[in-house]
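> Give the three-dimensional model of this entry:
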Amino acid sequence: MPANSDDLVIIDNEAEGRFETRVQGQTAVLEYTRSNGRATYSSTQVPKELEGHGIGGKLANHALEDARARGLKVVPSCPFVAAYIERHPEFADLVVRGDS
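Reported below is the predicted structural model:
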């Protein structure tokens, strides 16, 4: 594990449609698609051995900050990302509501 999760290096693997970070030889990912001014976050996967260290939260935060920087609205299809937004209302303005 890095000394703390702030030390994670997250890359945008656009070819695979995912943000990813490697920790202890394993890869954690947050999968997405981008189209029509929206970023849809569909799945967050953190290896079992790495759970509980804030890695998923760092991926979610990175993805949401990326959407904000690109001027995209967010569709949080992934339950983890949806829960992250609930806990961090500063990202609520990014979420697509209804037919927006």
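> after the helix ranked longest in the chain comes which helix or strand?
Across the chain, the longest stretch assigned as helix under DSSP state H is helix 55-70. Past helix 55-70, further along toward the C-terminus, the next helix or strand under DSSP states H and E is strand 73-76.
> In stretch 10-22, which residues are buried?
10, 18-21 (16 or more other CB atoms under 10 Å). All C-beta atoms are positioned from the backbone trio N, CA, C, and that covers glycine.
> Then stretch 40-59?
Result for stretch 40-59 [16+ other CB under 10 Å]: buried residues 40-41, 44, 46, 50, 53-59.
> Identify the residues contacting K48.
By CB atoms under 8 Å, 6 or more residues apart in numbering, no residues touch K48.
> Of the buried residues of stretch 40-59, just say which sits nearest to F80.
T44 (4.2 Å; CB to CB).
> Give the helix, strand or coil label for that closest one.
Using DSSP: H, G, I helix; E, B strand; the rest coil, the structure places T44 in strand.
> my guess is it contacts H62, does it?
No. T44 is beyond contact range of H62, at 11.2 Å (criterion: CB atoms under 8 Å).
> rewinding a little: in helices only, show me the buried residues of stretch 10-22.
Going by DSSP H, the helices hold none of those.
> Scan this protein for its longest strand.
strand 26-35 (DSSP state E).
> just to revisit the earlier point, farthest pair within the buried residues of stretch 40-59?
T40 and H53 (25.8 Å).
> so what's the most centrally placed residue in the chain up against?
The centre of the chain sits closest to A60, judged by CA atoms, centre = their mean, with a distance of 2.8 Å. Going by CB under 8 Å, 6+ apart, A60 touches 30, 41, 44, 80-81, 84.
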